[in-house]
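# Any chance you can model this:
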Amino acid sequence: MRGGGARFARRGTAALAALAALVTAGALAEAFLGDAYARETVPPWPEITPAERDFKTVPGDPDAPAVILRTSRDGRIFKRGSDTSNFLEYHWRLKILNDRGAAYAEVQIPAGKYSRVSEVEGRTIRPDGTIIPVPEDQIFRKMVTRARGYRELAYVFHFPAVEPGVIVEYRYQRVVTSIAFIPPWSFSGPEYTLLSQVSQAVPQIANYRVLCYHCPDPKPAQTPWRVGTDNGTRFEWTVRNLAPLREEEWMPPDRVAGTRLEMVLQTWRGAYWAGIERADTFINDWDTAARFAAFGYQAVIKDGQGTLKSLAKDWTQGLTDKEAIVRAVASHVQRDFRYLPGGDVYGTSRRIDDLARDASADNEEKAVLLAGALQAVGVKTSMALVAGRDHGPLYDNFYSLTEFSHVIVFVPEGDVGRWIDPTVTWAPFGFLSWRDSGAGALLLKPGGGTTVVLPQVTGVGLTRYDLTLRPRTDGSAEIEGTLFIDGEDAVEMRDDLIPASEVERHDMIRDWLRAHGPDGELADLSMEDLDDVDKPLRLKIRILVRGLITRTEDLLVVGTCLFDCYARNPLSHGARTLPFFVDRGRRRMETVTIVPPEGFTATAIPDPGTASSAIGAMTFGCDRKDDGTVSCLRAFTLPRGRVPVGEADGVRTMFDAIVELDRSGIALEATPQAKEKTR
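Okay, the predicted model is just below:
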């Protein structure tokens with residue numbers, strides 16, 4: 001389930017070696033994370049109030065499928081010997097309001113990197129008060145959510161007896177070894193939220209800097225805190241009546257759209273950080289943030305010199321030209337190491353030997369491999385922490401690694417230099433993805449760092465569909481043609497297809513066709529230029545479909561749009577309150593040649609049409625050919641950019657017009673001779 005506790009659990013991880021006096025390698029041990037803070041007694045669930053039981057309708061949205069009654073996270077930082085960790089308890093409660101709310105029956109809690117989840121519990125409460133717990137043996141730890149060839153480990157379960165009127169809730173614990181950067185907390189959720197609360201107990205010797213986006217009152221309530229010998233201050237923030245973060249197209253990232261809390265360590269009395277060569281005070285500007293991250297990365301590179309030199313030597317054997325060397329090393333790092341997706345930056349990496357043995361790496365580890373291997377063959381590099389466009393902007397006055405989503409590498413060349421994102425695998429050399437285009441970044445330099453803006457890429461690849469549609473008199477149809485997948489579309493598709501087997505590729509294409517086009521049987525498929533990233537990926541297909549043709553005795557009405565059609569307006573009916581973020585542009589061109597069956601001729605074709613707004617435009621038109629066929633062209637473009645919320649009515653009107661154009665059809669009527677034969 002997206003949102004709720006699953007949303008909160010996204011960043012419950014880290015292993016920041018720089019807190020040398022506080023977090024040791026032993027803190028990462030599985031045994032420590034397992035039972036160190038296990039419950040001795042099971043506490044009661046938070047009381048369900050009469051208002052929660054009686055809640056029936058979301059204000060201003062009577063059709064809302066559910067309401068989040070409350071979410072909470074309670075954090076406490078404990079020190080045990082030389083190990084210090086943050087102990088977090090999560091709770092999430094939702095009420096199902098109608099049948100569509102059944103989508104919240106499934107829960108997925110990410111297991112997390114360098115953290116451990118335990119004490120997972122869930123239950124369903126019926127309107128009559130009957131409680132149905134989630135059986136312990138029905139909470140599974142398994143791989144979920146395929147993404148670029150990678151599946152994430154998560155705890156998964158289903159609430160029992162989910163129907164309108166019930167309340168569902170779950171809770172769990174997580175132990176996090178990072179205390180420098182507290183896991184961010186999103187008060188906002190995927191549905192209207194009545195109450196969201198987060199608290200954090202901080203030791204007396206520590207102080208944290210806080211950034212609360214869109215908080216009505218960013219000042220927390222403060223109370224003394226003590227457990228055994230641990231004592232300090234407990235900070236608590238409470239926000240009520242939050243609008244939902246809708247999963248609607250072109251919404252800003254959650255860091256922009258939602259209400260969100262972030263905390264970063266300012267001081268820890270008695271601690272010393274070798275990376276920034278200071279005691280007590282942690283990061284307080286971007287220079288020290290850069291020094292902190294660079295120290296962690298370069299320590300791994302230095303320790304792995306032998307392996308890096310060996311790898312780089314193999315990858316660049318026989319090459320003397322600098323660009324050829326950089327190309328070769330980048331290609332091997334991108335393609336030889338399976339990418340482990342994630343949107344976190346911690347300033348550390350696993351050992352190079354471990355990466356080489358496992359042949360896998362996350363975003364930081366990919367950058368460490370690339371920078372280290374290039375340095376091993378004498379190529380100067382710098383690393384840059386990037387606030388990806390899908391993550392949100394870089395806030396200049398909040399010095400935290402939680403600002404960033406991934407790490408890339410900069411290779412100086414003349415006055416400009418080249419940026420290489422090692423997480424983008426199957427792309428032309430020098431390709432800068434939409435996540436990097438125009439993004440804010442912290443460039444690591446000797447002795448410090450500086451914030452920069454990555455180059456803005458305005459061009460968008462053109463994906464073309466050249467198709468022939470052959471309707472049949474029984475109402476079925478055959479679609480045959482070639483799909484030319486280019487730009488970001490090709491990069492993302494290759495990331496999935498290239499590592500897969502032939503059988504898996506066939507299934508992936510079949511599922512992609514069903515998601516983007518008509519549902520049918522994939523009769524034939526061939527792929528060309530799959531491995532040639534400098535060319536569009538070509539898919540030659542033949543599909544047998546039903547549902548495209550409306551049939552009467554002497555008339556066939558054939559749809560003119562086959563792929564990426566809009567059956568409905570992608571914007572909700574509610575008032576838009578946020579601007580449109582079109583960071584991933586789109587260009588689609590579809591040409592459909594309709595071949596009437598024998599004895600039929602096109603008697604009516606739709607009028608040409610256009611639809612445009614501040615966000616983009618579509619043009620559509622059909623031509624009757626001398627051979628009796630009809631050719632229809634649909635061109636749709638969304639340039640990269642930001643569109644103010646004041647243009648929302650125009651954008652909605654444009655998509656209303658596109659929906660009508662995509663529903664248009666061509667009338668194929670039996671000829672007089674054919675009608676005579678059937679009588």
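# Wasn't Ile48 part of a helix?
No. With DSSP: H, G, I helix; E, B strand; the rest coil as the criterion, Ile48 is located in coil rather than a helix.
# can you give me phi and psi for it?
Dihedral angles of Ile48 (phi, psi; degrees, to the nearest 10) stand at phi -90, psi 120.
# Hmm, it is touching Val168, no?
No. Counting by CB atoms under 8 Å, Ile48 does not reach Val168; the two are 11.4 Å apart. All C-beta atoms are positioned from the backbone trio N, CA, C, and that covers glycine.
# Looking at those two, which is more packed in?
When Ile48 and Val168 are compared for neighbours, Val168 comes out ahead with 27 against 16, by other CB atoms under 10 Å.
# What is the burial count for Val264?
21.
# From Gln298, how far off is it?
Per CB to CB, to the nearest Å, Val264 is found 22 Å from Gln298.
# shared neighbours, Ile48 and Val168?
Residues touching both Ile48 and Val168 (CB atoms under 8 Å, 6 or more residues apart in numbering) are Arg93, Ile125.
# Would you mind confirming that Arg551 is in contact with Thr473?
Yes. Between Arg551 and Thr473 there is a contact at 7.5 Å, judged by CB under 8 Å.
# Longest helix in this structure, please.
When the chain is parsed with DSSP state H, its longest helix is helix 286-303.
# Export only the CA atoms of that one, formatted as PDB.
The C-alpha trace of helix 286-303 is given here as PDB (Å, rounded to 0.1, in the frame of the first residue of the first chain):
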ATOM      1  CA  TRP A 286      27.200  23.100   2.700                       C
ATOM      2  CA  ASP A 287      31.000  23.100   2.900                       C
ATOM      3  CA  THR A 288      30.900  20.800   5.900                       C
ATOM      4  CA  ALA A 289      28.100  18.700   4.400                       C
ATOM      5  CA  ALA A 290      30.300  18.200   1.300                       C
ATOM      6  CA  ARG A 291      33.400  17.300   3.500                       C
ATOM      7  CA  PHE A 292      31.300  14.900   5.500                       C
ATOM      8  CA  ALA A 293      30.100  13.000   2.400                       C
ATOM      9  CA  ALA A 294      33.400  13.200   0.600                       C
ATOM     10  CA  PHE A 295      35.300  11.700   3.600                       C
ATOM     11  CA  GLY A 296      32.900   8.700   3.600                       C
ATOM     12  CA  TYR A 297      33.200   8.100  -0.100                       C
ATOM     13  CA  GLN A 298      37.000   8.600  -0.400                       C
ATOM     14  CA  ALA A 299      37.600   6.300   2.600                       C
ATOM     15  CA  VAL A 300      35.900   3.500   0.700                       C
ATOM     16  CA  ILE A 301      37.800   4.300  -2.500                       C
ATOM     17  CA  LYS A 302      41.100   4.400  -0.700                       C
ATOM     18  CA  ASP A 303      40.400   1.100   1.000                       C
END
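# for Leu195, which residues make a bridge with it?
Leu195 has these beta-bridge partners by DSSP bridges: Arg240.
# Could I get the buried residue list for stretch 357-372?
360-372 (16 or more other CB atoms under 10 Å).
# Any chance you could list what contacts that stretch?
By CB under 8 Å, 6+ apart, stretch 357-372 touches 113, 297, 300-301, 304-305, 308, 329-330, 333-334, 336-342, 344-350, 352, 355, 381-383, 405-409, 420, 422-423.
# Can you select the buried ones among the residues you listed for me in PyMOL?
Burial among these is assessed by 16+ other CB under 10 Å; the matching PyMOL selection reads:
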select buried, resi 113+297+300+301+304+308+329+330+333+334+337+339+340+342+344+345+346+347+348+349+350+352+355+381+382+383+405+406+407+408+409+420+422+423
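# Among the contacts of stretch 357-372, name the ones in helices.
Per DSSP H, the contacts of stretch 357-372 map to helices at Tyr297, Val300, Ile301, Gln305, Leu308, Val329, Ala330, Val333, Gln334, Asp336, Ile352, Leu355.
# Next up, the contacts around the fifth one.
The neighbourhood of Leu308, defined by CB under 8 Å, 6+ apart, consists of Ile301, Ile352, Leu369, Gly372, Ala373, Gln375, Ala376.
# which pair in those spans the largest distance?
Farthest apart among the contacts of Leu308 by CB to CB are Ile352 and Gln375. That separation is 12.0 Å.
# shared neighbours of these two, which are they?
With CB under 8 Å, 6+ apart, Ile352 and Gln375 have common neighbours Ile301, Leu308.
# What score does Met1 have for pLDDT?
Confidence at Met1, expressed as pLDDT, is 34.
# follow-up on the earlier one: so, if you compare the ones in helices among the contacts of stretch 357-372, which one comes nearest to Val558?
Using CB to CB, Gln334 comes nearest to Val558 of these, at 43.9 Å.
# Give me the secondary structure label for the residue nearest to that closest one when sequence neighbours are not counted.
Ranked by CB to CB, 6 or more residues apart in numbering and with sequence neighbours excluded, the top spatial neighbour of Gln334 is Thr425, at 4.7 Å. Classification of Thr425 using three-state DSSP returns coil.
# Please name the residues that touch Thr425.
Contacts of Thr425 by CB under 8 Å, 6+ apart are Arg148, Gln334, Arg335, Tyr339, Val491, Arg494, Asp495, Ile498.
# Now, of those residues, which are buried?
Among the contacts of Thr425, those buried by neighbour count (16+ other CB under 10 Å) are Arg148, Gln334, Tyr339, Val491, Arg494, Asp495, Ile498.
# Strands - which of these land there?
If you go by DSSP state E, the buried ones among the contacts of Thr425 have Tyr339 in strands.
# now the buried ones among the contacts of Thr425 as JSON lines including distance to Pro639 and pLDDT?
Shown next, in JSON lines, are the buried ones among the contacts of Thr425 (distance: CB to CB, whole Å; pLDDT from 0 to 100):
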{"residue": "Arg148", "distance to Pro639": "26", "pLDDT": "42"}
{"residue": "Gln334", "distance to Pro639": "28", "pLDDT": "95"}
{"residue": "Tyr339", "distance to Pro639": "29", "pLDDT": "90"}
{"residue": "Val491", "distance to Pro639": "19", "pLDDT": "94"}
{"residue": "Arg494", "distance to Pro639": "24", "pLDDT": "94"}
{"residue": "Asp495", "distance to Pro639": "24", "pLDDT": "89"}
{"residue": "Ile498", "distance to Pro639": "29", "pLDDT": "93"}
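# could the buried ones among the contacts of Thr425 go into TSV alongside distance to Ala674?
As requested, these are exported to TSV (distance: CB to CB, whole Å):
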residue	distance to Ala674
Arg148	52
Gln334	58
Tyr339	57
Val491	48
Arg494	47
Asp495	49
Ile498	49
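# Among the buried ones among the contacts of Thr425, which lie within helices?
Those of those lying in helices (DSSP H): Gln334, Val491, Arg494, Asp495.
# can you redo those as CSV with distance to Thr57?
What follows is these, written out as CSV (distance: CB to CB, whole Å):
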residue, distance to Thr57
Gln334, 51
Val491, 44
Arg494, 47
Asp495, 43
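# Tell me the one among these nearest to Asn207.
Nearest to Asn207 among those is Gln334, at 41.1 Å by CB to CB.
# residues in contact with that closest one?
Residues in contact with Gln334 (CB under 8 Å, 6+ apart) are Lys366, Pro422, Thr423, Val424, Thr425, Trp426.
# redo that, cut-off 7 Å
Pro422, Val424, Thr425 (CB atoms under 7 Å, 6 or more residues apart in numbering).
# Could you check how far the last one is from Asp495?
Spelled out, that is Thr425. From Thr425 to Asp495 the distance is 5 Å (CB to CB).
# the bottom helix or strand of this protein by mean pLDDT?
helix 4-8 (a mean of 28; mean pLDDT, DSSP states H and E).
# Who are the packing partners of the helix or strand hosting Ala667?
Ala667 is located in strand 665-670, with elements delineated by DSSP states H and E. Secondary-structure packing of strand 665-670 (3 or more CB pairs under 7 Å, 6 or more residues apart in numbering; DSSP states H and E): strand 555-559, strand 600-604.
# I'd like the average pLDDT over stretch 531-549.
Average pLDDT, stretch 531-549: 94.
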